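1. Here is my input, please return the structure:
(chains A and B)
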Amino acid sequence: LAKTTQPISMDSYEGQEVNITCSHNNIATNDYITWYQQFPSQGPRFIIQGYKTKVTNEVASLFIPADRKSSTLSLPRVSLSDTAVYYCLVGPSGANNLFFGTGTRLTVIP
Amino acid sequence: GAGVSQSPSNKVTEKGKDVELRCDPISGHTALYWYRQSLGQGLEFLIYFQGNSAPDKSGLPSDRFSAERTGGSVSTLTIQRTQQEDSAVYLCASSLGGTHGEQYFGPGTRLTVT
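-> You can find the predicted model right below:
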């Protein structure tokens, strides 16, 4: 089972770059790495997905080393509205191995 | 376009009663997922459908939980003989196909068992 480990919480000032790392030592060959953002009282929202190396979209970058045992979500120049919980999801090696974990609560400080 | 919808948005029930939660996925999405989120906790995966089939139901926490999907669209999650520990937000998500794709989540159903 490709479980994940993330820091429970992080604080950052507005305008800074934030990097959140997720460990997934048991990642399987078929697994992709996906990050979601969740605001209070809402369902999670997709941010970015990757398999290896680096992926970038309009909101974030995802860095995945060659061994794929970890990944880092990078949020450039965060704002107060980026305060949320961020989940790293690894899967699937089988559909029921989708494991969100407890996520990282990011608080952006003015 | 319409997103994933869930009903009811809130449900309060007495311990021992049965409840049915409904999920309407995005049209054309073949994959559908159910998750449970307790207060302040992460998401607990319950079950996944590809079309009308659930390849593995072992994520369901007990035999009081069941789920079905008909016509490759609407899904219902049924909890029989509810217990207080079943209180949580139940989230449904759908994706275009397979299990790599981006999941689109509904707003959830908040279940409170008194």
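
2. Might you report the residue contacts of the residue nearest the centre of chain B?
-> The centre of chain B sits closest to B:Trp34, judged by Cα atoms, centre = their mean, with a distance of 3.4 Å. Counting by Cβ atoms under 8 Å, 6 or more residues apart in numbering or on different chains, B:Trp34 touches B:23, B:46-48, B:67, B:75, B:77, B:90-92. Where C-beta positions appear, they are placed from N, C-alpha and C, glycine not excepted.

3. Show the pLDDT at the closest residue to it other than its chain neighbours.
-> Sequence neighbours aside, B:Leu46 is the residue nearest to B:Trp34 in space, at 4.2 Å (criterion: Cβ to Cβ, 6 or more residues apart in numbering or on different chains). Note on B:Leu46: pLDDT of 91.

4. did I read that right, A:Leu106 in a strand?
-> Yes - applying DSSP: H, G, I helix; E, B strand; the rest coil, one finds A:Leu106 inside a strand.

5. what's the neighbour count on residue 60?
-> Just so you know, I chose chain A. A:Ala60 is flanked by 19 other residues according to other Cβ atoms under 10 Å in any protein chain shown.

6. My question was about chain B, not that one.
-> A count of nearby residues for B:Leu60, using other Cβ under 10 Å, gives 20.

7. Which secondary structure state does it sit in?
-> coil.

8. Hmm, it is touching B:Ala67, no?
-> Yes - counting by Cβ atoms under 8 Å, B:Leu60 touches B:Ala67, with 7.3 Å between them.

9. Give me the common contacts of the two.
-> Contacts common to B:Leu60 and B:Ala67, judged by Cβ under 8 Å, 6+ apart, are B:46-47.

10. tell me the phi and psi of A:Leu80?
-> Main-chain torsions, A:Leu80, degrees, to the nearest 10: phi -60, psi -30.

11. Report the contact partners of the residue lying closest to it once chain neighbours are set aside.
-> Nearest residue to A:Leu80, sequence neighbours excluded (Cβ to Cβ, 6+ apart): A:Val108, at 5.2 Å. A:Val108 sits next to A:11-14, A:78-83 when contact means Cβ under 8 Å, 6+ apart.

12. Now that A:Phe39 has come up, it's in contact with A:Ala84, right?
-> Yes - using Cβ under 8 Å, A:Phe39 makes contact with A:Ala84 at a distance of 5.1 Å.

13. more crowded one of these two?
-> Comparing A:Phe39 with A:Ala84 by neighbour count (other Cβ under 10 Å), the higher total belongs to A:Ala84, at 21 against 12.
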